[in-house]
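S.K.: got a predicted structure plus its sequence, pasted below:
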Amino acid sequence: MSPERTTAPAKAALDRLKAGNARYIQNVRSVDSMLSHSHREVLAQPQTPFAIVLGCSDSRAPAEIVFDQGLGDLFVIRVAGNIVAPSQVGSVEFAAERFGTPLVVVMGHTSCGAIQAALEAIGQTGKPDPSLRNLMSIVNRVRPGIEGLVATDLARDPARLAREAMRANVRASVNHLRHGSEILERLAEQGGLAVVGCELDLATGEVHFFDEL
């Protein structure tokens, strides 16, 4: 099977997300996404999501709305900082293998609190407050992918540093999913599964994808 044919379902899914985001930017909703809320008899059947989205828990970044999709269209995993811990990897593996979903998207966003918390932690000295250990479990997942940026000229521009740190964190999560799971690697090789990263600009609503298929 040619690479083009193998990745065709993933490309179709990516194009569908892009079209949905274009509608969102224009404040337009598709009829299908609106009607999906009333088709409960269909939703009771086995699910067939066309894309998996690992996004941030931020209340301003709901994937279904940002991509103008209806109930049952997306398998969404949300966690602060869109980090990739074992439970997130397992969730992606479950959906990709169980439902044959061809596309995984890691979505970061501007003004991310988890990124800011990680940058602040990098700049601090001494041991963190023990009461923050649960928060630090998230920060420590973000930190390796962005720590090197703090030592560059970006440190002189906090806004740009935060933006580039968010992008670096997305890329680290994408890399982890691509190369840190035997199941996802197999599905990518045999079934054409694709993992891509993107960023949501909260001010404009536009989603920019880092990778093209």
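M.R.: Perfect, I can see it now.
S.K.: CA atoms for contacts and neighbours, from now on please.
M.R.: OK.
S.K.: and residue 14, how many neighbours?
M.R.: 23 (other CA atoms under 10 Å).
S.K.: what distance do you get for the residue nearest to it when sequence neighbours are not counted to residue 94?
M.R.: Using CA to CA, 6 or more residues apart in numbering and skipping the chain neighbours, the partner closest in space to residue 14 is residue 103 (7.3 Å). According to CA to CA, to the nearest Å, residue 103 and residue 94 sit 13 Å apart.
S.K.: cool, and residue 153?
M.R.: 41 Å.
S.K.: give me the more crowded residue out of the two.
M.R.: residue 94 (15 against 9).
S.K.: state the pLDDT value of that one.
M.R.: Listed pLDDT for residue 94 reads 97.
S.K.: secondary structure class for it?
M.R.: Per DSSP: H, G, I helix; E, B strand; the rest coil, the secondary structure class of residue 94 is helix.
S.K.: what's the separation between it and residue 75?
M.R.: The value you get for residue 94 to residue 75, if CA to CA is used, is 10 Å.
S.K.: for residue 173, same thing?
M.R.: Remark: distance between residue 173 and residue 75 (CA to CA) = 17 Å.
S.K.: the more surrounded of those two?
M.R.: Neighbour count, other CA under 10 Å: between residue 173 and residue 75, residue 173 has more, with 28 against 23.
S.K.: now the strands: where do they sit in the chain?
M.R.: Along the chain, counting by DSSP state E, strands occupy 51-55, 74-78, 103-109, 194-200, 207-209.
S.K.: okay, those strands in CSV with mean pLDDT next?
M.R.: Shown next, in CSV, are the strands of the chain (pLDDT from 0 to 100):
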stretch, mean pLDDT
strand 51-55, 98
strand 74-78, 98
strand 103-109, 98
strand 194-200, 98
strand 207-209, 98
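S.K.: between those, which one is nearest to residue 65?
M.R.: strand 74-78 (10.7 Å; CA to CA).
S.K.: what residue is smack in the middle of the protein?
M.R.: residue 106 (2.1 Å; CA atoms, centre = their mean).
S.K.: what pLDDT does residue 134 get?
M.R.: 89.
S.K.: please report how far residue 91 lies from residue 111.
M.R.: In terms of CA to CA, residue 91 sits 26 Å off from residue 111.
S.K.: so residue 71 sits right up against residue 33, yeah?
M.R.: Yes: contact status for residue 71 versus residue 33: in contact at 7.1 Å, counting by CA atoms under 8 Å.
S.K.: quick one: low-confidence ranges for this structure?
M.R.: Along the chain, the model assigns pLDDT under 70 to residues 1-6, 34-44.
S.K.: and the helices in the chain?
M.R.: Using DSSP state H, the helices assigned to the chain run over residues 3-6, 8-25, 31-35, 40-43, 63-66, 86-99, 113-123, 133-146, 158-179, 182-191.
S.K.: Throw the ones you listed into TSV and include distance to residue 56, thanks.
M.R.: Formatted as TSV, these follow (distance: least, CA to CA, whole Å):
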stretch	distance to residue 56
helix 3-6	29
helix 8-25	17
helix 31-35	22
helix 40-43	25
helix 63-66	9
helix 86-99	12
helix 113-123	9
helix 133-146	12
helix 158-179	10
helix 182-191	21
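S.K.: nearest approach to residue 199 belongs to which of those helices?
M.R.: That would be helix 158-179 among the helices of the chain, by CA to CA, at 7.1 Å.
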